[in-house]
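Chemist: I would like to see how this sequence folds:
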Amino acid sequence: MLKASFLSYSLRYALLLAGTAAFSQTEIYKSNSVVKNFETTSLSASLVIAADKVLFNAADYKIYAIDKTSLQPVWEIYTGWKSNTPPYLHNDAFFYGNYEKGRTRVAQYDLNTGAKRKELPFESLQSEPYFANGRMYCTVLWDGGKLVAYDFQEDKTLWQKNIGHGAEVAPAYRPDRIIANAEDDNWFETDYSGNLLKGKARKHTYIDTVEVFVKEYKFLTHDGKEIMPDFLRKNKIDPLEHQVKRTQSHTFILSEKQLLVLGTNKRKIASLALETLFEEPYFDPDDAGAILTTNAESVWLYCQKQLIHYDFKNNKLLRRLDLTRWNPHQVRVDGRAIWLISKNDGQLYGLDFEPDQQTADRLRVQAERQWEINNPKPVDPKKIEAAKAAQEKLKNKKNRK
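Modeler: Alright, predicted model coming up:
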């Protein structure tokens, strides 16, 4: 029997679920990377949408670029590296790991050809880099846990701050300062020249033996407001397990069972109990949710093998797609296409919500060809009898001679 709390949730969101459009999805692409000794439990692979391409870091230590229109491979490269973190994009390049001769380095690759442009003096990029004035600002973990400023032209590190596991948290890059994590919920500020900034905080810690004052909070919103643990608990968000995505106008916070959308000054725009979208109030703890894409009115979520399109402005569920068949490892939404890596076989799949006529015709022809290969036509019995008769006639003719 369902719990009373779940029943109340169901009644509350009955209108939200009413009139939800049902969408099917058609498989339009499947990769054929060769993965030896594939194991679902240890799958390490990632993908990212890069303009007109999909980059797929497969479990065979290669990166494949697939043209989104033709669905044909553009290039492939062997990096000796695989990760659940997708490549970081910047202009006509991307950054990813490269393992060669027993050494791991972050490398810059050409997006159009896959060619390696240069290696950087880091073993890892722990958060998405920020670029300004020919410099790259980033956090690196394998190199000791640091906030780093790197000059591309000079190919050298300009400055660095030892922040330990604070490197696992993406900094906030403001026009005049960088706000970085100094482990736990402690945040400090530095300018883009690496000078530590003084604040009004009373608490302090040490960065490279230098005393620095820190503020204590979980994270900042899109408009720079501090979010405290009590605020998250009040809004049914787990302070320890959540993810955040920011746009210019909104902050999206997702925990295992709750989505919270904030506007300016932490104003609550929407709050959605995710368990109300499912018939059974059961969540698989190993199937973590993800915020995929957002706009001014709606958000795409992946949750419990379901792809959810939610209109937070009008509190309305727009679409819900069941991806259980593919058992996704990672999912991306791009227009009306879905790209995912399946835990079943480690391959990349492309799905279409509602194929256009050209796509439908191409899929039909492919299906017919495959059917003919798998189901060869039986030989016509009349032709068999005619062949036997001709053979017998030829035999009799030879015997008369």
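Chemist: any weak-confidence spans in the stretch 301-401 of the chain?
Modeler: By pLDDT under 70, the low-scoring segments of the stretch 301-401 of the chain are 354-364, 366-367, 370-371, 374-375, 377-380, 383-384, 387, 390, 393-401.
Chemist: mind listing the helices in it by residue range?
Modeler: Residue ranges of the helices in the stretch 301-401 of the chain, as given by DSSP state H, counting those that start in this stretch, are 357-374, 381-400.
Chemist: Equivalent analysis for the stretch 151-300 of the chain, please.
Modeler: Secondary structure of the stretch 151-300 of the chain, counting by DSSP H, counting those that start in this stretch: helices at 229-234.
Chemist: okay, and for it, where does confidence drop off?
Modeler: The stretch 151-300 of the chain contains residues with pLDDT under 70 at 279-283, 285-286, 288.
Chemist: repeat that for 80
Modeler: 199-202, 278-288 (pLDDT under 80).
Chemist: what's the span of stretch 277-284, first residue to last?
Modeler: Using Cα to Cα, to the nearest Å, one end of stretch 277-284 lies 14 Å from the other.
Chemist: Provide the secondary structure category for residue 107.
Modeler: Here residue 107 is recorded as strand under DSSP: H, G, I helix; E, B strand; the rest coil.
Chemist: Looks like it contacts residue 96 (just checking).
Modeler: Yes: if you go by Cβ atoms under 8 Å, residue 107 and residue 96 touch, sitting 6.5 Å apart. All C-beta spots, glycine's among them, are computed from the backbone N, C-alpha and C.
Chemist: Those two - which one has more neighbours?
Modeler: Comparing residue 107 with residue 96 by other Cβ atoms under 10 Å, the one with more neighbours is residue 96, at 24 against 21.
Chemist: where's the more buried one, which helix or strand?
Modeler: Taking DSSP states H and E as the definition, residue 96 sits inside strand 93-100.
Chemist: picking up where we left off before, pull up the overlap in contacts between residue 107 and residue 96.
Modeler: residue 79 (Cβ atoms under 8 Å, 6 or more residues apart in numbering).
Chemist: can you pull out the strands in the stretch 1-150 of the chain?
Modeler: 26-30, 46-50, 53-57, 62-67, 73-78, 88-90, 93-100, 103-110, 116-119, 130-132, 135-140, 146-151 (DSSP state E, counting those that start in this stretch).
Chemist: Buried ones in the second one, by neighbour count?
Modeler: By neighbour count with 16 or more other Cβ atoms under 10 Å, strand 46-50 contains the buried residues 46-50.
Chemist: Same check on the fourth one?
Modeler: Along strand 62-67, the positions that meet the burial threshold by neighbour count (16+ other Cβ under 10 Å) are 62-66.
Chemist: then that strand to PDB, C-alphas only?
Modeler: Listed next in PDB are the C-alpha coordinates belonging to strand 62-67 (Å, rounded to 0.1, in the frame of the first residue of the first chain):
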ATOM      1  CA  LYS A  62      39.200   6.100 -28.400                       C
ATOM      2  CA  ILE A  63      37.300   9.300 -29.200                       C
ATOM      3  CA  TYR A  64      34.900   9.100 -32.100                       C
ATOM      4  CA  ALA A  65      33.400  12.200 -33.800                       C
ATOM      5  CA  ILE A  66      30.000  11.500 -35.500                       C
ATOM      6  CA  ASP A  67      28.400  14.000 -37.800                       C
END
